[in-house]
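Colleague: Using only what follows, build the 3D model:
(one chain, ligands or ions: 1)
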Amino acid sequence: MIQIEKLSKVYRSRGREVNAVDGVDLTVREGEVFGVLGRSGAGKSTLLRCVNLLERPDSGRIVVDGRDLLSLDGRALRRARQGIGMIHQHFGLLSSRTVAGNVAFPLEVMGVPKAERAGRVAELLELVGLAEQARAYPAQLSGGQKQRVGIARALAGRPKVLLSDEATSALDPETTASILELLRDLNRRLGLTVLLITHEMEVVKRICDSVAIMREGRVVESGPVRELLLRPGSELARDLLPLPETVPDGPAAATVVDVTFEGESADRPFISSLARTYSIDVNILGGSVERIGGTRFGRLRIELPGDPDLNAAQIAHLREAGLTVEVRTPAAPEPLAGTAVPETAAEEASLS
Ligand SMILES: Nc1ncnc2c1ncn2[C@@H]1O[C@H](COP(=O)(O)OP(=O)(O)OP(=O)(O)O)[C@@H](O)[C@H]1O
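Modeller: All right, here's what the predicted structure looks like:
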């Protein structure tokens, strides 16, 4: 649905150049919720704003719903942009207009006749659960209600794509949950493709099907959430399922292993099975379990007696049970979040 190829945007100000987006390739499939994650300054907003050409990229290609945006101008471009709605962190409502007036605004701009507008506004407000507030002014609404108006307004032109720029960052956790639920519901009911940027892990856990992690203008990891969580060395797994930062300096003759599990394998007692099968003591050093996209995922750091060579069969046993296994011995520190995964991590991961 959205194809981004070799996209770059450089800002130049006072003799300084910032590669805000630096050769990004990204594919967002039709009907999915795709999250772009990254720290402040990573280039997320710039990337999002390029997708509806609020920001003009220096180079690259953006294809949305089969239209190559950078090749369009005038009416064709306006048409294409109508197919892309956008919501913002601070809602951006017109304070002098009622809720209904705010939602009607894009319809007026699009030239929808007055007689049709009222019906469409009522339909949109119903969709976001705000039918009762049609005559209220933004100042009379809660943050969550304001964002619902923002969503109704963004959907006025019946877009196939919704861009979300930190839409829940200004909201409390409970309201965040209800807005995320609404976005998921709209995504399913309308077949809406959602591309969102966020720094909140809660957003990823609740609604993202796929994610891309950005750093310094580049995508350093991307793919379906499940695939990334089960991929050795994944930054997403490190952020969503954190483990203790370092491997303890235990006895040299021990093997420290990180085990990632999901759904069914989470319900099987793999630790006791391992201990029983090989008559060994398994020491649990730390772990976390989370419900992500409705499925339970977890990571455990365990310690097995003896060095990795001696534990080859035990490690194979875990892998055969459908678990992702990363061998961390000898005492490899967990790479700090936000730093590149050292090549050795991948090598460690392939150790068996
Ligand atoms: N209009 C601008 N002029 C100059 N530099 C800019 C401009 N907009 C963004 N930048 C710079 O580009 C880089 C990427 O910014 P961007 O806002 O896209 O990042 P971000 O990941 O969305 O961060 P945040 O969450 O803080 O908005 C930053 O270094 C930022 O300072």
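Colleague: The longest helix anywhere in the chain: which residues count as buried?
Modeller: Ordering each helix of the chain by length in residues (DSSP state H) puts helix 173-190 first. Using 16 or more other Cβ atoms under 10 Å as the test for burial, helix 173-190 gives 175-176, 179-180, 182-184, 186-187. For glycine as for every other residue, the C-beta is placed from the backbone atoms N, C-alpha and C.
Colleague: Of those, just say which sits nearest to the ligand.
Modeller: Taking Cβ to the nearest ligand atom as the measure, residue 176 is the one of the buried residues of helix 173-190 closest to the ligand, at 16.5 Å.
Colleague: Show me where the protein dips below the pLDDT cut-off.
Modeller: Applying pLDDT under 70 to the chain picks out residues 246-252, 264-267, 329-352.
Colleague: switch the cut-off to 50
Modeller: Residues of the chain meeting the criterion pLDDT under 50: 331-333, 335-352.
Colleague: quick revisit: what's the following helix or strand after the longest helix of the chain?
Modeller: Downstream of helix 173-190, the next assigned helix or strand under DSSP states H and E is strand 193-198.
Colleague: Parallel or antiparallel, list what pairs with that next one.
Modeller: Sheet pairing of strand 193-198 (DSSP bridges) gives strand 33-37 (parallel), strand 161-165 (parallel).
Colleague: Can you confirm whether the last one lies near the ligand?
Modeller: No: where contact is defined by Cβ under 6 Å from any ligand atom, no part of strand 161-165 touches the ligand; the two come within 8.2 Å at best.
Colleague: any idea of the angle that strand forms with helix 173-190?
Modeller: Taking axes from the mean of the first three to the mean of the last three Cα atoms, to 10 degrees, one finds strand 161-165 and helix 173-190 inclined to each other by 170 degrees.
Colleague: Surely residue 258 touches residue 301?
Modeller: Yes: assessed by Cβ atoms under 8 Å, residue 258 is found in contact with residue 301 at 5.2 Å.
Colleague: which one of the two has more residues nearby?
Modeller: Shown here are residue 258 and residue 301; by other Cβ atoms under 10 Å, residue 258 has more neighbours (26 against 21).
Colleague: For that one, which residues are in contact?
Modeller: 243, 299-301, 325-326, 328 (Cβ atoms under 8 Å, 6 or more residues apart in numbering).
Colleague: Can you pick out the most distant pair from those residues?
Modeller: The most widely separated members of those, counting by Cβ to Cβ, are 243 and 325 (13.5 Å).
Colleague: where exactly do the strands run in the stretch 101-250 of the chain?
Modeller: Applying DSSP state E, counting those that start in this stretch to the stretch 101-250 of the chain gives strands spanning 161-165, 193-198, 210-215, 218-224.
Colleague: Output these as CSV; include the columns mean neighbour count.
Modeller: Formatted as CSV, the strands of the stretch 101-250 of the chain follow (neighbours: other Cβ atoms under 10 Å):
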stretch, mean neighbour count
strand 161-165, 23
strand 193-198, 25
strand 210-215, 23
strand 218-224, 18
